[in-house]
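S.K.: what's the 3D shape of this:
(one chain, ligands or ions: 2)
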Amino acid sequence: MSAKVILGLESSCDETAAAVVTSDRRVLAHRLAGQEAAHRPYGGVVPEIAARAHVEALIPLVEGALADAGLTLDQIDAVAATAGPGLIGGVMVGLVTGKALAHAAGKPLVAVNHLEGHALSPRLSDPDLDFPYLLLLVSGGHCQLLLVEGVARYRRLATTIDDAAGEAFDKSAKVLGLGFPGGPAVERAAALGRDVVPLPRPLKGSAEPHFSFAGLKSAVVRAHDSGRWSVEDIAASFQAAVVDCLIDRTIRALAHADAATALVVAGGVAANQAVRGSLSALASANGLRFVAPPLWLCTDNAAMIGWAGAERFAAGLTDPLDMPARPRWPLDPAAEAVRGAGVKA
Ligand code: KG4
Ligand code: ZN
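M.R.: Ligands and ions are numbered 1, 2, ... in the order given. The predicted structure is shown next:
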């Protein structure tokens, strides 16, 4: 059977993206338009600005991606679009565009959960990665440990009870005057500093493998206000504390993931070298393969949506054109709400 070609669309946060991906793991095209400059004056993503920028950027990106791939819309086998979770305005722009393209081309729509895009992205870059695997999904909106048992089969072992790891990076960067987006800026500053500032490790050692980062951010505020430490030392200490928490919680989750043969990291924070290095060491200490997608596939992009679309399409999972956009959409619907948790899914 010949490979299927999927057009992927992503617009759930502050990246607009279109990609053409095949079911035999070829990325024929991927285009992306970031909105950093538009949001920078506000120090964070402004939903209305994001939605408007997606409207303006998406169709030219689709046309560009198809041109890069040397294909026309009728040569596509399915259209995959992020249908949530995320900022509702942006999700609607991408999903409605996906529906219109699918309808115009007479091809099926695959509505993709953005988290599933991240969760399956390591299988795009690594053909040997089989189910089940233990996934640490660390992004700006989410911090979860998931047992990925198959396409559309996810068991959530842990989540954050307050902030996501990337959110902690972004908020700390703001406090430290390092700008937006915060993750890469904190990583650069941390490389120039020393891990000398005493900072807490929220939930470290607790029985359930959940995460918490709000207290760590508050401690960063206090350390900065004290005037005792350089920005670089606070950044290095903050990053070390985050890594420490991620590793401790992942060790705890491994106890519930006997069948897993690989430890996998995905999401924007997976671009961080300290995070990757520590997880890689943890995996080898436990006799597990370590798999991390290349950096461009870690942060938001449409190739991961196209790939998740290819996996779902192969499993016969397509969606009707009245599929609603879902600003909240947990990957594991059976996961219980975490005691003490705020609004994070
Ligand atoms: O997956 P992603 O692009 O968007 C979401 O779905 O949230 O993740 C973005 C998050 C941001 O919080 C950003 O600061 C963080 O990933 N991030 C990093 C790094 N690069 C991006 N965090 C730490 N170190 C990095 N190098
Ligand atoms: Zn994401």
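S.K.: how close does E56 get to T16?
M.R.: From E56 across to T16, the span is 8 Å (C-beta to C-beta, to the nearest Å). Every residue, glycine included, has its C-beta placed from N, CA and C.
S.K.: count of residues packed around the nearest residue to D163 once chain neighbours are set aside?
M.R.: Closest residue to D163 apart from its sequence neighbours, by C-beta to C-beta, 6 or more residues apart in numbering: F213 at 4.3 Å. If you count neighbours by other C-beta atoms under 10 Å, F213 ends up with 26.
S.K.: any idea how far P85 is from D248?
M.R.: Taken as C-beta to C-beta, the span from D248 to P85 is 26 Å.
S.K.: same thing with G182?
M.R.: 21 Å.
S.K.: Check G70 too.
M.R.: Taken as C-beta to C-beta, the span from G70 to P85 is 34 Å.
S.K.: more neighbours, the two?
M.R.: P85 (23 against 10).
S.K.: Quick check: the more buried one touching H114?
M.R.: Yes: using C-beta atoms under 8 Å, P85 is in contact with H114, at 6.1 Å.
S.K.: what residues do those two have in common as contacts?
M.R.: Shared contacts of P85 and H114, defined by C-beta atoms under 8 Å, 6 or more residues apart in numbering, comprise S12.
S.K.: Could I get the full set of helices for the chain?
M.R.: For the chain, helices defined by DSSP state H occupy the ranges 36-39, 47-69, 88-105, 114-125, 165-175, 182-190, 214-226, 231-254, 273-285, 295-298, 303-314.
S.K.: How about the second one and ligand 1, touching?
M.R.: So that's helix 47-69. No: Helix 47-69 does not reach ligand 1 (C-beta under 6 Å from any ligand atom); its nearest approach is 12.0 Å.
S.K.: Helix or strand with the lowest mean pLDDT in this protein?
M.R.: In the chain, the helix or strand scored least confidently by mean pLDDT, DSSP states H and E is helix 36-39, which has a mean of 88.
S.K.: How about residues contacting it?
M.R.: Identification of contacts with helix 36-39 by C-beta under 8 Å, 6+ apart yields D14, V45, V46, I49, A50, A53, F180, P181.
S.K.: who's in contact with the residue of the stretch 201-345 of the chain found nearest ligand 2?
M.R.: Relative to ligand 2, the nearest point of the stretch 201-345 of the chain is D300 (4.4 Å; C-beta to the ion). The neighbourhood of D300, defined by C-beta under 8 Å, 6+ apart, consists of E10, S12, C13, D14, E15, A17, H114, S139, G268.
S.K.: can you tell me how far the residue nearest to it when sequence neighbours are not counted sits from ligand 2?
M.R.: Once flanking residues are discounted, D300 sits nearest to E15: 4.3 Å by C-beta to C-beta, 6+ apart. From E15 across to ligand 2, the span is 8 Å (C-beta to the ion, to the nearest Å).
S.K.: close enough to count as contact, E15 and R31?
M.R.: No: using C-beta under 8 Å, E15 is not in contact with R31, being 10.6 Å away.
S.K.: rewinding a little: with distance to A236 and pLDDT as new columns, can the contacts of helix 36-39 be given to me in CSV?
M.R.: Listed next are those as CSV, based on distance: C-beta to C-beta, whole Å; pLDDT from 0 to 100:
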residue, distance to A236, pLDDT
D14, 27, 90
V45, 26, 86
V46, 30, 90
I49, 33, 91
A50, 31, 90
A53, 34, 93
F180, 20, 80
P181, 19, 80
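S.K.: still on that earlier bit, model confidence at the residue of the stretch 201-345 of the chain closest to ligand 2, what's the number?
M.R.: For D300, the model assigns a pLDDT of 95.
S.K.: do the same with the one 10 residues further on
M.R.: According to the prediction, A310 has pLDDT 98.
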